[in-house]
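Asks: Curious how this folds, go ahead:
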Amino acid sequence: MLSLPDTNRKIGRRDAVLMSVLYSSGARVQEICDLTLNDVAFCSDTKLRLVGKGFKARIIVIPDNCARLLKSYVDSENSYRVAGTSRLKPVFSSQTHEKMSISCVEELVKKYV
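Replies: Below you'll find the predicted structure:
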(Lines give C-alpha, C1' and ligand atoms only; values in the text may rest on other atoms or scores of the structure.)
Protein backbone atom coordinates (compact mmCIF):
# COMPACT_ATOMS: atom_id res chain seq x y z
CA MET A 1 0.00 0.00 0.00
CA LEU A 2 2.89 2.36 0.78
CA SER A 3 4.18 2.02 -2.79
CA LEU A 4 0.86 2.99 -4.42
CA PRO A 5 1.01 6.82 -4.22
CA ASP A 6 2.62 8.58 -7.20
CA THR A 7 5.64 10.07 -5.44
CA ASN A 8 6.47 12.15 -8.51
CA ARG A 9 3.54 14.36 -7.52
CA LYS A 10 3.51 16.53 -4.41
CA ILE A 11 0.24 15.05 -3.09
CA GLY A 12 1.39 11.48 -3.75
CA ARG A 13 4.61 12.15 -1.87
CA ARG A 14 2.67 13.56 1.09
CA ASP A 15 0.35 10.53 1.05
CA ALA A 16 3.24 8.05 1.02
CA VAL A 17 5.06 9.77 3.89
CA LEU A 18 1.87 10.22 5.94
CA MET A 19 0.91 6.55 5.59
CA SER A 20 4.46 5.48 6.40
CA VAL A 21 4.46 7.59 9.58
CA LEU A 22 1.01 6.28 10.54
CA TYR A 23 2.15 2.68 10.10
CA SER A 24 5.59 3.08 11.68
CA SER A 25 4.46 5.07 14.69
CA GLY A 26 1.20 3.37 15.55
CA ALA A 27 -0.21 6.86 16.04
CA ARG A 28 -3.89 7.68 16.03
CA VAL A 29 -5.04 9.71 13.04
CA GLN A 30 -5.75 12.73 15.24
CA GLU A 31 -2.20 12.57 16.60
CA ILE A 32 -0.82 12.72 13.05
CA CYS A 33 -3.15 15.59 12.16
CA ASP A 34 -1.87 17.52 15.21
CA LEU A 35 1.83 16.74 14.58
CA THR A 36 3.89 19.93 14.17
CA LEU A 37 7.51 20.56 13.23
CA ASN A 38 8.15 21.20 16.95
CA ASP A 39 7.04 17.63 17.67
CA VAL A 40 9.70 16.05 15.43
CA ALA A 41 13.31 15.60 16.57
CA PHE A 42 15.69 14.41 13.87
CA CYS A 43 18.60 12.86 15.80
CA SER A 44 20.35 9.51 15.67
CA ASP A 45 16.89 8.12 16.53
CA THR A 46 14.10 10.24 15.06
CA LYS A 47 11.49 10.89 17.71
CA LEU A 48 7.92 12.09 17.45
CA ARG A 49 6.05 13.71 20.32
CA LEU A 50 2.45 12.57 19.95
CA VAL A 51 -0.30 14.22 21.94
CA GLY A 52 -3.24 11.90 22.40
CA LYS A 53 -6.51 11.76 24.23
CA GLY A 54 -6.65 13.89 27.35
CA PHE A 55 -3.63 15.85 26.06
CA LYS A 56 -1.30 13.09 27.23
CA ALA A 57 1.99 13.24 25.36
CA ARG A 58 4.20 10.30 24.49
CA ILE A 59 7.51 10.10 22.70
CA ILE A 60 8.00 7.37 20.11
CA VAL A 61 10.95 6.47 17.90
CA ILE A 62 10.29 5.75 14.24
CA PRO A 63 12.40 3.40 12.07
CA ASP A 64 15.27 4.84 10.04
CA ASN A 65 13.61 4.27 6.65
CA CYS A 66 10.50 6.18 7.77
CA ALA A 67 12.68 8.88 9.37
CA ARG A 68 14.54 9.42 6.07
CA LEU A 69 11.24 9.77 4.19
CA LEU A 70 9.90 12.20 6.78
CA LYS A 71 13.12 14.28 6.81
CA SER A 72 13.14 14.53 3.03
CA TYR A 73 9.45 15.51 3.01
CA VAL A 74 9.85 18.14 5.74
CA ASP A 75 12.91 19.62 4.00
CA SER A 76 11.11 19.86 0.65
CA GLU A 77 7.95 21.32 2.17
CA ASN A 78 9.89 23.99 4.05
CA SER A 79 11.68 25.02 0.87
CA TYR A 80 8.55 26.70 -0.46
CA ARG A 81 7.08 27.91 2.82
CA VAL A 82 7.42 31.57 3.68
CA ALA A 83 10.56 32.47 5.60
CA GLY A 84 9.95 32.55 9.33
CA THR A 85 7.23 29.92 9.15
CA SER A 86 6.29 28.83 12.61
CA ARG A 87 7.47 25.44 13.83
CA LEU A 88 3.91 25.10 15.13
CA LYS A 89 2.57 24.52 11.60
CA PRO A 90 1.32 20.99 10.95
CA VAL A 91 3.77 18.59 9.33
CA PHE A 92 1.03 17.30 7.01
CA SER A 93 -1.34 19.79 5.44
CA SER A 94 -4.22 19.58 3.03
CA GLN A 95 -4.05 20.85 -0.55
CA THR A 96 -5.20 24.24 0.75
CA HIS A 97 -2.26 24.29 3.22
CA GLU A 98 -4.53 23.87 6.22
CA LYS A 99 -4.30 21.32 9.01
CA MET A 100 -5.62 17.98 7.80
CA SER A 101 -8.78 16.62 9.37
CA ILE A 102 -9.42 13.06 10.48
CA SER A 103 -11.89 12.59 7.62
CA CYS A 104 -9.30 13.85 5.12
CA VAL A 105 -6.78 11.23 6.31
CA GLU A 106 -9.47 8.53 6.33
CA GLU A 107 -10.34 9.33 2.70
CA LEU A 108 -6.66 9.33 1.76
CA VAL A 109 -6.18 5.83 3.23
CA LYS A 110 -9.43 4.56 1.65
CA LYS A 111 -8.22 5.78 -1.74
CA TYR A 112 -5.21 3.48 -1.60
CA VAL A 113 -7.00 0.54 0.05
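Asks: Skip the chain neighbours and tell me the closest residue to Arg13.
Replies: In space, and not counting its chain neighbours, Arg13 is closest to Thr7: 4.8 Å by C-beta to C-beta, 6 or more residues apart in numbering. Quick note: C-beta positions are derived from backbone N, CA and C, even for glycine.
Asks: So the one you found sits against Ala16, correct?
Replies: Yes. Contact criterion C-beta atoms under 8 Å: Thr7 and Ala16 qualify, at 5.4 Å.
Asks: Show me which of those two is the more surrounded one.
Replies: Looking at Thr7 and Ala16 with other C-beta atoms under 10 Å, you find the greater number of neighbours at Ala16, namely 20 against 16.
Asks: for the least confident helix or strand in the chain by mean pLDDT, packing partners?
Replies: Every helix and strand of the chain was ranked by mean pLDDT, DSSP states H and E. The lowest is helix 64-80, at a mean of 85. When contacts are defined as 3 or more C-beta pairs under 8 Å, 6 or more residues apart in numbering; DSSP states H and E, helix 64-80 packs onto helix 10-25.
Asks: Farthest out from the centre of this protein, which residue is that? Tell me.
Replies: Gly54 (21.1 Å; C-alpha atoms, centre = their mean).
Asks: Does that one belong to a helix, a strand or coil?
Replies: helix (DSSP: H, G, I helix; E, B strand; the rest coil).
Asks: Which strands or helices does the helix or strand encompassing Leu48 pack on?
Replies: In this structure, Leu48 is located in strand 47-51 according to DSSP states H and E. In this structure, strand 47-51 makes packing contacts with helix 10-25, helix 29-34, strand 40-41, strand 57-61, judged by 3+ C-beta pairs under 8 Å, 6+ apart.
Asks: Let me see the residues that make contact with the second one.
Replies: By C-beta atoms under 8 Å, 6 or more residues apart in numbering, the surrounding residues in contact with helix 29-34 are 18, 21-22, 25, 50-52, 90, 92, 99-102, 105-106.
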